[in-house]
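Participant: following is a predicted model, sequence given first.
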Number of protein chains: 2
Amino acid sequence: MTETTPARRGGRQLPTAQELRIWRDFFETTAALGSRLESRLQGDSALSTGDYTVLLALSEAPEQAMRSSALASHIGWERSRLSHHLGRMERRGLIRRQECATVPRGAEVLLTTTGAEAFGKATFPHLRAIRELFVDALTPDQIAAAGEIAAALRARLDALRED
Amino acid sequence: MTETTPARRGGRQLPTAQELRIWRDFFETTAALGSRLESRLQGDSALSTGDYTVLLALSEAPEQAMRSSALASHIGWERSRLSHHLGRMERRGLIRRQECATVPRGAEVLLTTTGAEAFGKATFPHLRAIRELFVDALTPDQIAAAGEIAAALRARLDALRED
DNA sequence: ACCTACCGGTTGACGTGTCAATGATGCTAA
DNA sequence: TTAGCATCATTGACACGTCAACCGGTAGGT
């Protein structure tokens, strides 16, 4: 592990004003970008990014179906969150739930034709929005840098995981 | 306006698989970082980042007070959001609201001693967490790159503003 | 004076997220 | 066998955000 010690650079414990400013810019901008994409998706397709995430996973699953638990870990959600979200999606007819034949107490989540159709209509505009708001905003070097930054931050989060 | 045309690089409208992968990494990681900071703050001080934002603004205001509307635009929140949040903070004794003497229909938001104290206790651990999870995770070059990426994304968001 | 239009702020409805508690079911060890 | 115990999923309570409607007051135009 080539891990940077927390006490490097003279043992300062707090960020400098400059570092803090960059952090705030970075954080607020990525958050704003996320909500802009969210509202674009909402406007184009009446789906939330949560809906989209679920529908994407189901679309790619064999039989367009998945066990609830597998779905949760596939998209990295807590089961409780998924359960609430599936309830809302089921009310809107985007998915269906049924008892799982193989696993006791297991619930199978099925993509309905309504859901598949909604997902199909949403995909192209959503990808185009990602291109317009992210890819086209950055130079190729910056995109690569973004990838490296994400990897470094992720490594740090994993290293300091608090379970 | 030195604006990149959306149709550059051969007029592709959709991101490549590579670009999309980076986007997802980038987005999910920054989101995860945000929620980690949120839960650290919550654990250290029983404040949410929303609470912290409001308390920070009030702490820095003359008289530790601000008109609701000015506060909203200072921290970039919608007024409705602020109103709901102030209601919750008032219930917990972190702030007080009173009629504004100068502006008719204006509401003055005041920092209580409870609020000031909570903010004081929260600040150091919060800044330390930002350092641990963001600053220390990146090289100085990467921090600079993060700043440039944020600026570029922000410029794009502003250029395509949809009001 | 009156009608309208805006302005500052609040409210209600609803989607979303977390946490902790609850059912329901199978596995395992005394 | 039965007393735990883990697993799969749901539920309820609550915090947070957005949207649209609302309310009370001031300002302009006729």
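Facilitator: Alright, I've got the coordinates. Numbers count the residues shown, from 1 in each chain, chains lettered A, B, ... in the order given.
Participant: quick one, longest helix in chain A?
Facilitator: helix A:17-45 (DSSP state H).
Participant: may I see the buried residues of that helix?
Facilitator: Residues of helix A:17-45 classed as buried: A:19-20, A:22-23, A:25-27, A:29-30, A:32-34, A:36-38, A:40-41, A:45 (neighbour count, 16 or more other Cβ atoms under 10 Å in any protein chain shown). (C-beta placed from N, C-alpha, C; glycine too.)
Participant: mind exporting the C-alpha coordinates of the next helix or strand along the chain from it to PDB?
Facilitator: Remark: after helix A:17-45, the chain's next helix or strand is helix A:49-60, criterion DSSP states H and E. Output in PDB follows, covering the C-alpha atoms of helix A:49-60 (Å, rounded to 0.1, in the frame of the first residue of the first chain):
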ATOM      1  CA  THR A  49     -32.200   8.800 -12.000                       C
ATOM      2  CA  GLY A  50     -33.200   6.200  -9.400                       C
ATOM      3  CA  ASP A  51     -35.900   4.800 -11.800                       C
ATOM      4  CA  TYR A  52     -33.300   4.900 -14.600                       C
ATOM      5  CA  THR A  53     -30.700   3.000 -12.600                       C
ATOM      6  CA  VAL A  54     -33.200   0.300 -11.700                       C
ATOM      7  CA  LEU A  55     -34.600   0.000 -15.200                       C
ATOM      8  CA  LEU A  56     -31.100  -0.200 -16.700                       C
ATOM      9  CA  ALA A  57     -30.200  -3.000 -14.400                       C
ATOM     10  CA  LEU A  58     -33.300  -4.900 -15.200                       C
ATOM     11  CA  SER A  59     -33.000  -4.300 -18.900                       C
ATOM     12  CA  GLU A  60     -29.600  -5.900 -18.900                       C
END
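Participant: neighbouring contacts of helix A:49-60?
Facilitator: A:34, A:37-38, A:41, A:47, A:64-66, A:71, A:74-75, A:82, A:85-86, A:89, A:94-95, A:109-111, A:115-116, A:118-119, A:122, A:126 (Cβ atoms under 8 Å, 6 or more residues apart in numbering or on different chains).
Participant: let's see it at 7 Å
Facilitator: A:38, A:41, A:64, A:66, A:71, A:74-75, A:85, A:89, A:94-95, A:109, A:111, A:115-116, A:118-119, A:122, A:126 (Cβ atoms under 7 Å, 6 or more residues apart in numbering or on different chains).
Participant: is it anywhere near DNA strand D?
Facilitator: No - using Cβ under 7 Å from any atom of the strand, helix A:49-60 never reaches DNA strand D; the gap is at least 12.1 Å.
Participant: what about residue A:109, how many neighbours?
Facilitator: 26 (other Cβ atoms under 10 Å in any protein chain shown).
Participant: where does residue A:110 sit: helix, strand or coil?
Facilitator: strand (DSSP: H, G, I helix; E, B strand; the rest coil).
Participant: ok, residue A:77 next?
Facilitator: coil.
Participant: contacts only, for residue A:68.
Facilitator: A:82, A:107, A:109.
Participant: let's see it at 10 Å
Facilitator: Shown in contact with residue A:68 (Cβ atoms under 10 Å, 6 or more residues apart in numbering or on different chains): A:79, A:82-83, A:86, A:97, A:100, A:103, A:106-109.
Participant: rewinding a little: restrict the contacts of helix A:49-60 to contacts with DNA strand C.
Facilitator: Answer for the contacts of helix A:49-60 near DNA strand C (Cβ under 7 Å from any atom of the strand): residue A:85.
Participant: about what we covered before: most surrounded residue in the contacts of residue A:68?
Facilitator: Result: residue A:109 is most packed of the contacts of residue A:68 (other Cβ under 10 Å), 26 neighbours.
Participant: from residue B:81, how far out is that residue?
Facilitator: Residue A:109 sits 33 Å away from residue B:81, going by Cβ to Cβ, to the nearest Å.
Participant: grab the most central residue of chain A for me.
Facilitator: residue A:53 (6.8 Å; Cα atoms, centre = their mean).
Participant: using the three-state scheme, assign residue A:156.
Facilitator: helix.
Participant: burial measure for the closest residue to it other than its chain neighbours, as a count.
Facilitator: With sequence-adjacent residues excluded and distances taken as Cβ to Cβ, 6 or more residues apart in numbering or on different chains, residue A:156 is closest to residue B:137, at 3.5 Å. Using other Cβ under 10 Å, residue B:137 has 22 neighbouring residues.
Participant: is it true that residue B:137 touches residue A:159?
Facilitator: Yes - assessed by Cβ atoms under 10 Å, residue B:137 is found in contact with residue A:159 at 8.8 Å.
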